[in-house]
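>>> just a sequence and a predicted model for now, questions to come.
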Amino acid sequence: MIEIEALTKDYLDLTVVDHVSMTVEDGELAVIVGTSGSGKTTLLRMINRLIEPTSGTVKIDGQDTRSEPAFELRRRIGYAIQGHGLFPHRTVGQNIATVPELLGWDKQKTAQRVDELLNLFQLDPAEFRDRLPSELSGGQQQRVGVARALAAEPKLLLMDEPYGALDPIIRSKAQSDLLAIQKRFGTTIVLVTHDMEEAIHLGTRIAVMDKGKLLQYAPPHEIIANPATPFVAELIGTGERPFRLLSLWKVRDLVEPGPAQGEPISADASLRDAYAECLWSGREMLPVIDESGALIGRIRRDDIAHKAERPQ
Amino acid sequence: MSAVVAVPRRLQFAIDKLGVLIAAIATVASFLPFAAFRANRIVLGESKSIFAALPAWEATLLVLALFAAIAIALFRTPTLWRLWTSLVVLAILFIAVGHAASFLTPEGDRIARVSPGAGFWLLIFAFALLAADAIARLKLRPWTRIGALVGVAIFFAVLLGSGTLNDLSILREYFNRGDTFWREAQTHLALALGSLAAATVAGIPIGILCHRSDALRAPVLNVLNAIQTVPSIALFGLLIAPLAWVAANIPSASALGISGIGAAPAMVALFAYSLLPVVANTVVGLDNVPPAANDAAKGMGMTDRQRLLTVEFPLAFPVILTGIRIVLVQNIGLATIAALIGGGGFGVFVFQGVGQTAMDLVLLGAVPTVALAFAAAVVLDSIVEMVSPKDMRRD
């Protein structure tokens, strides 16, 4: 659990982060979203003390982060950044082994962990372990960057616009990988982005920042339904609101028994995708199949549309 | 269309642009004096053309070889041909100039001097240019280049050992002062390498400090820049007074060999000149470390020291090494001036030669200096390429 209390950062007479307080529970994926200059990156970097706060406290599992040297704190916290930051002169394996080596793990345990992570990120260890980062594609580099951040099994992972440099297709794949990994390890994640779509897709809670202040910190449906300020509403995009809301639910949540015509849709697709399919194919309802391909019922366009109404 | 097809293939030979220049220089050089004969070492010489300087059959063969080589240089020929042609012609030229010396010197005459003429030097320049161009085009790998350098060194060792060149004036001068030559060679190397070592040991930490502290960077780099602009002779001279004062007023200083003239001021001056390239390249090398890599290193919990040693320094190393290469080549040349203030080195022969208007003696100092600087450049360039990331990628 991370408890941030009245955290403030001043540069001369400019306040970059202004009395921000928020709590991230274990296993949560908190997304800090804001425009550039909102102070979101500064807030993130104060958690692992890459930037020292002017005032306020950060506690991780009840312990003040200033109670130990910064470098020791950082070795317990995963850190992944935009443009991956891989060391260009070290191989993929050496890059991933960075923190385990700093912590003094023995060689065999480190090597095992490196291979385990490469497998997890769908990179064949035999093929990729001894390559240099420059020999990898952008998407592969990014995966190695996240693998490196997870190498020493941190309970907490900080990510600063990790997908900013990726094209949309690789990006959505990386996002679903992240969700799968979080599910598997139960890692608590704090992620910074400027992209509200990404925030809604990934976050269990979203923190909206503007001009150094935390405007709203709430689960995605709450942010969409009841934006705290006009700025939050603008960030979501008023025209986008119903569709963003739909993207939070899955077809599975609205499936009902009964037949329907035409191409089926997966139970794991979002309601947004299902609604788009209804509009595009001009159908009132769609047959629904589960992951094995078995027909489990149907979903109705009107039910979906109903879900897109502003929650009371 | 059909007109083009009708042109016989051998007339389609394309002209090589650089080849035109090389062919022009070589052609002109062939008509210039190949060697100069003087009755003794200081009188004005008589110029001898290729045919006057060599026995007729040798002169004819040399001219034919030059003609063929000029043709190969002029047209677009395979690069490997060009390389071998230039190397063979260079070897032939050195052997020929040795033969010319023996041919022109009257039997048993120890006073007459035969030195290479302007034509010889221009021919060497032209074909060295051809060789350099071919080597650049072939993109030889670092080890191959070092191997080629060793090959050239072996060729000259064999040539000198065989006595072919013994009648040349520069070797006559060498035989007159064999002991001094090797002693000055040692001094020269000690000056160049010693000041380089000192500049590396001092310059890299200074560079790291300048990289870390903006307050330090501008003043330090400006001072080093200012030193670099002081003419070398002036700097050597300027150091005489302060070092003489140190030697006279600090008891242990003169015991350490510090004095106003000699090796100490030479060493200090060379050290001062060496600092800028080492410090500046260290700063640039560290500045060029990707910011994201540095941020990641900090964020993963490396201490400043770990980050410097495992991330920043290895990434900056090729650039720092480039600075060291600049210093080494520069110092091998500059160390010549040390002789002016009694510091020794190959400059001794240069300044004696200038004083006696004996150009052969000047060459005895200049040729080894140039050869050393050239060899140092080839070796260090190869090493820089070997440690650069581009090369790591290829392997």
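It's in.
>>> how about the residues of the stretch 251-395 of chain B by chain A?
Taking CB under 8 Å from any CB of the partner chain as the measure of proximity, the stretch 251-395 of chain B contacts chain A at B:290, B:292-303, B:306, B:311, B:314-315, B:389, B:392-393. Every residue, glycine included, has its C-beta placed from N, CA and C.
>>> any quick PyMOL command for the buried ones out of those?
PyMOL command restricting those to the buried ones, with burial defined by 16 or more other CB atoms under 10 Å in any protein chain shown:
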select buried, chain B and resi 290+292+293+294+295+296+297+298+299+300+301+302+306+311+314+315
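>>> how many residues are close by residue B:187?
Per other CB atoms under 10 Å in any protein chain shown, the neighbour tally for residue B:187 reads 21.
>>> in which helix or strand would I find it?
helix B:178-212 (DSSP states H and E).
>>> give me the buried positions along the next helix or strand after that helix.
Sequence order places helix B:214-229 as the next helix or strand after helix B:178-212, per DSSP H and E. Using 16+ other CB under 10 Å as the test for burial, helix B:214-229 gives B:217, B:220, B:221, B:224, B:228.
>>> show me what contacts the last one?
With contact set as CB atoms under 8 Å, 6 or more residues apart in numbering or on different chains, residue B:228 has these partners: B:273, B:276.
>>> and it, how far from chain A?
31 Å (CB to the nearest CB, to the nearest Å).
>>> ditto for the third one
Residue B:221 sits 26 Å away from chain A, taking CB to the nearest CB as the criterion.
>>> I figured that residue hits residue B:280, correct?
Yes. Between residue B:221 and residue B:280 there is a contact at 6.4 Å, judged by CB atoms under 8 Å.
>>> for the strand or helix carrying residue B:279, name the packing helices and strands.
Taking DSSP H and E as the criterion, residue B:279 maps to helix B:263-287. With contacts taken as 3 or more CB pairs under 8 Å, 6 or more residues apart in numbering or on different chains; DSSP states H and E, helix B:263-287 sits against helix B:178-212, helix B:214-229, helix B:232-238, helix B:240-249, helix B:313-334.
>>> returning to what we had before: now, the residues of the stretch 251-395 of chain B next to chain A that are in helices?
Those of those mapping onto helices are B:292-299, B:306, B:314-315, B:389, B:392-393, per DSSP state H.
>>> need these in CSV (columns: pLDDT).
As requested, those are exported to CSV (pLDDT from 0 to 100):
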residue, pLDDT
B:292, 91
B:293, 93
B:294, 93
B:295, 93
B:296, 94
B:297, 95
B:298, 94
B:299, 93
B:306, 94
B:314, 93
B:315, 92
B:389, 70
B:392, 45
B:393, 42
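>>> what strand or helix carries residue A:111?
Using DSSP H and E, residue A:111 falls in helix A:107-120.
>>> what does that helix rub up against?
Under CB under 8 Å, 6+ apart, the answer for helix A:107-120 is A:92-93, A:96-97, A:100-101, A:105, A:124-125, A:128-129, A:147, A:150-151, A:153, A:181.
>>> give me the next element, helix or strand, following that helix.
helix A:125-128.
>>> that older thread, now do the helix holding residue B:279: distance to the chain's middle.
For helix B:263-287, the separation from the chain centroid amounts to 19 Å (computed by CA atoms, centre = their mean, to the nearest Å).
>>> go on, stretch A:68-86?
The answer for stretch A:68-86 is 17 Å, by CA atoms, centre = their mean.
>>> buried stuff in that stretch?
Buried, per 16+ other CB under 10 Å, within stretch A:68-86: A:70-71, A:73-86.
>>> ok, stretch B:164-183 next?
With the criterion 16+ other CB under 10 Å, stretch B:164-183 contains buried residues B:164, B:165, B:167, B:168, B:169, B:170, B:171, B:172, B:173, B:174, B:177, B:181.
>>> show the end-to-end separation of that stretch, please.
25 Å (CA to CA, to the nearest Å).
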